[in-house]
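**Q** Pasting the sequence and the predicted model now:
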Amino acid sequence: MSKIQVLDQNTINQIAAGEVIERPASIVKELMENSIDAGATMITVEIKDGGTSLIRITDNGSGIEPDDIRIAFFRHSTSKIKNALDLMSVSSLGFRGEALSSIAAVCQVELITKTKDRIMGIRYKIEGGQEVSYDEIGVPDGTTMIVRNIFFNTPARRKFLKTAQTEAGYISDIVEKIALSHSEVSIHFISNGQTKIHTAGNGSLKDTIYSIYGKDVTEHLIEVQAQNDFMKMSGYLGKAIVSRGNRNCETYFINGRYIKSNILNKSIEDGYRFILMQHKYPFTVLNFEINPELLDVNVHPSKMELRFRKGEAIYPWIVETVHDALIAKPNIIPVELEEKKKEPEKKEAAPEPFEVNRTLLNLPKAGQTVAEKTEQPSRVMEDTHYKVEKPVQQSITDVYDDFLTTAAKPKHKLIGQVFDTYWIIEYENKMYIIDQHAAHEKVMFETLMEKLRQKKISTQMINPPYILNLSMSEAERLNRYLDNFRELGFEIESFGGQDFAVRGVPADLYSLDSEDVFMEILDELSHETGRILPDIVTDKIASMACKAAVKGNNLLTAPEMDALVEQLFQLENPYNCPHGRPTIISMSKYELDKKFKRIV
């Protein structure tokens with residue numbers, strides 16, 4: 001064994017830097033958070049070559065006192081805590097005492113700063129952890145951090161960086177997340193001389209979303225505001241039409257900090273489960289406010305993960321809140337027969353980093369209902385805000401057809417069935433197309449769920465019972481969830497060893513091959529632990545409803561279809577099947593007239 005020796009300070013600093021500074025995006029994140037903690041209302045981020053050759057971050061914050069500049073680059077230096085007790089109540093964006101020290105250890109750093117009460121500012125240079133210069137200079141209030149040549153003195157680490165384009169993408173993602181979490185701060189992001197992001201900083205989250213994602217996303221948002229005894233949730237949920245194939249746009253914050261959490265991921269996605277198809281993920285921008293004493297955000301070196309108490313109460317509350325917000329919004333998908341050519345968006349000239357630009361975008365105020373909204377020009381978008389707690393029919397009919405109301409039913413003209421799958425209904429100036437399988441599946445699902453909620457699930461006894469010959473793991477799983485199966489209407493008893501006799505099945509599923517349904521549910525539970533949570537029960541019932549529903553390519557009579565439509569319209573949310581597929585789409589007479597050249 002080699003002799004143990006103490007590393008020199010330079011090597012220690014570089015090791016610490018490697019734990020904190022993974023890539024240029026890590027530097028941008030640290031410095032932008034410092035700017036926000038310094039009270040900045042405007043931040044400019046400029047990079048070149050993906051941040052590998054240059055990162056410049058300028059803010060109009062409080063600046064750094066001259067006597068504190070050198071200390072700021074010491075390891076474990078911070079203005080955010082004074083002792084171990086303060087770790088329990090960090091109210092800023094968290095802290096890492098090695099941030100500036102780590103950046104200076106592997107980069108060439110120039111700090112230019114001035115506080116408001118001083119005439120002159122300071123320019124301080126430090127490279128590879130060694131001070132180069134310290135001079136007075138005339139500069140505006142605030143701080144500019146210039147970071148050049150990341151990992152210039154640790155070439156082995158530099159080799160692990162991606163292409164400049166990829167690294168720029170990582171930085172863009174960080175800038176977007178910070179902009180979304182701080183809509184009161186105007187953020188200007190420039191890459192290789194080109195403006196990529198510029199937010200107004202007017203405090204409107206929706207305006208910030210528009211600046212980053214554009215009109216197509218912003219016009220399909222639902223505002224949500226909810227709170228309970230220990231947390232508050234606010235922000236926007238995207239409708240199913242703007243769902244994504246990955247979690248990149250599933251954005252949420254804890255007390256203003258971008259955080260990753262398996263609990264939050266699962267709760268948000270499960271709240272969307274009833275309208276999203278498999279392998280689709282929601283678009284969300286949500287902020288959760290939680291008492292800092294319930295959080296530990298410094299668990300992970302990157303401060304991107306957290307631990308918090310009351311986790312068992314957070315999950316069901318978020319699922320219910322997201323579900324209720326989505327279910328209150330009409331969602332008939334309009335179909336256009338031809339692509340509209342998108343005209344290039346006219347973008348206004350971006351203001352300079354410190355130019356005061358607080359002109360409001362003339363949008364309706366948050367919480368304003370459709371009936372309260374006045375017609376007013378907006379240079380951003382046509383917009384409607386809804387209150388989560390107000391799924392009032394009048395608000396719905398102001399924007400969408402009253403096609404789904406009892407009063408409209410007599411005016412429906414049932415045209416017929418096509419492909420033994422789809423039904424066409426004419427109403428006023430639109431043609432509505434209903435997928436009979438998705439519609440019946442939804443009716444079955446809601447019926448079963450209502451019976452489950454009211455504990456009115458009925459059991460159909462079968463004679464003779466069917467015997468399940470299970471493996472050891474399957475038998476253990478069944479015993480663990482036996483009470484849940486009984487709640488669903490199954491009558492099961494042990495038949496000796498690993499065999500079980502199923503003597504009764506849910507009456508609504510009696511016509512199915514219930515043994516296959518039972519085994520499918522049991523198999524799906526193989527990845528679960530503990531008692532089935534309500535959302536898992538919902539998913540299983542959705543699967544059963546799908547199997548029990550009328551399939552496509554089945555010929556229904558007009559009275560049967562009329563009865564199905566009647567049942568569908570009585571549901572709380574008739575717009576999507578339990579797996580997220582649409583039940584109804586619409587096509588206007590105008591679109592048809594255009595297609596047949598009746599309208600030019």
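**A** That came through, no problem.
**Q** ok, residues contacting the host helix or strand of D67?
**A** Element membership of D67, judged by DSSP states H and E, is helix 66-72. With Cβ atoms under 8 Å, 6 or more residues apart in numbering as the test, helix 66-72 has contacts from 64, 77, 79, 100, 111, 113, 118, 122, 124, 131, 134. C-beta coordinates here come from the backbone N, C-alpha and C atoms, glycine included.
**Q** For that helix, give the mean pLDDT please.
**A** Per-residue pLDDT over helix 66-72 has a mean of 90.
**Q** Now do it: distance to the chain's middle.
**A** With Cα atoms, centre = their mean, to the nearest Å as the basis, the distance from the averaged C-alpha position of helix 66-72 to the chain average is 39 Å.
**Q** Please export the C-alpha coordinates of the next helix or strand after that helix as CSV.
**A** The first helix or strand that comes after helix 66-72 along the chain, using DSSP H and E, is helix 99-106. The C-alpha coordinates for helix 99-106 follow below in CSV (Å, rounded to 0.1, in the frame of the first residue of the first chain):
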residue,chain,number,x,y,z
ALA,A,99,-19.3,28.2,-5.2
LEU,A,100,-17.0,31.2,-6.0
SER,A,101,-14.0,29.4,-4.6
SER,A,102,-14.6,26.4,-6.9
ILE,A,103,-15.2,28.6,-10.0
ALA,A,104,-12.0,30.6,-9.3
ALA,A,105,-10.1,27.3,-8.8
VAL,A,106,-10.7,26.1,-12.4
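**Q** Give the helix, strand or coil label for V224.
**A** Following DSSP: H, G, I helix; E, B strand; the rest coil, V224 is assigned to strand.
**Q** who's in contact with I171?
**A** With contact set as Cβ under 8 Å, 6+ apart, I171 has these partners: 24-25, 28, 45, 47, 50-51, 189, 191.
**Q** what's the closest of those to T557?
**A** When these are compared for distance to T557 (Cβ to Cβ), F189 wins out at 60.3 Å.
**Q** Could you look up the SS state of that closest one?
**A** Secondary structure assignment for F189 (three-state DSSP): strand.
**Q** any idea of the pLDDT on the residue nearest to it when sequence neighbours are not counted?
**A** Leaving aside its sequence neighbours, F189 sits nearest to I197 (Cβ to Cβ, 6 or more residues apart in numbering; 4.0 Å). pLDDT recorded at I197 is 92.
**Q** just the strands in the stretch 451-600 of the chain please.
**A** Listed in chain order, the strands of the stretch 451-600 of the chain (DSSP state E, counting those that start in this stretch) span 459-469, 491-494, 499-506, 584-588.
**Q** Return the distance of the first one from the chain's centre.
**A** Same thing as strand 459-469. Counting by Cα atoms, centre = their mean, strand 459-469 comes out at 44 Å from the chain centroid.
**Q** Other residues contacting that strand?
**A** Residues outside strand 459-469 that contact it (Cβ under 8 Å, 6+ apart): 478, 489-491, 495, 498-507, 510, 514-515, 518-519.
**Q** Just say helix, strand or coil for I318.
**A** Secondary structure of I318, per three-state DSSP, is helix.
**Q** doesn't S261 make contact with it?
**A** No - using Cβ atoms under 8 Å, I318 makes no contact with S261, being 10.6 Å away.
**Q** And these two? Which one has more around it.
**A** Neighbour count, other Cβ atoms under 10 Å: between I318 and S261, I318 has more, with 23 against 19.
**Q** what sits against that one?
**A** The contact partners of I318, by Cβ under 8 Å, 6+ apart, come to 233, 264, 267-268, 271.
**Q** circling back to that earlier point, reformat the strands of the stretch 451-600 of the chain as a markdown table; add distance to T447.
**A** Below are these laid out as a markdown table (distance: least, Cβ to Cβ, whole Å):
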| stretch | distance to T447 |
| --- | --- |
| strand 459-469 | 15 |
| strand 491-494 | 20 |
| strand 499-506 | 11 |
| strand 584-588 | 19 |
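**Q** Turn those into a markdown table, including mean pLDDT and mean neighbour count.
**A** Shown next, in a markdown table, are the strands of the stretch 451-600 of the chain (pLDDT from 0 to 100; neighbours: other Cβ atoms under 10 Å):
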| stretch | mean pLDDT | mean neighbour count |
| --- | --- | --- |
| strand 459-469 | 86 | 13 |
| strand 491-494 | 89 | 14 |
| strand 499-506 | 86 | 19 |
| strand 584-588 | 88 | 18 |
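**Q** Which positions are bridged to the residue nearest the centre of the chain in the beta structure?
**A** Compute the mean C-alpha point of the chain, and by Cα atoms, centre = their mean the closest residue is E250, 2.5 Å away. Beta-bridge partners recorded for E250 (DSSP bridges): T284.
**Q** now it: how far from M231?
**A** According to Cβ to Cβ, to the nearest Å, E250 stands 18 Å off from M231.
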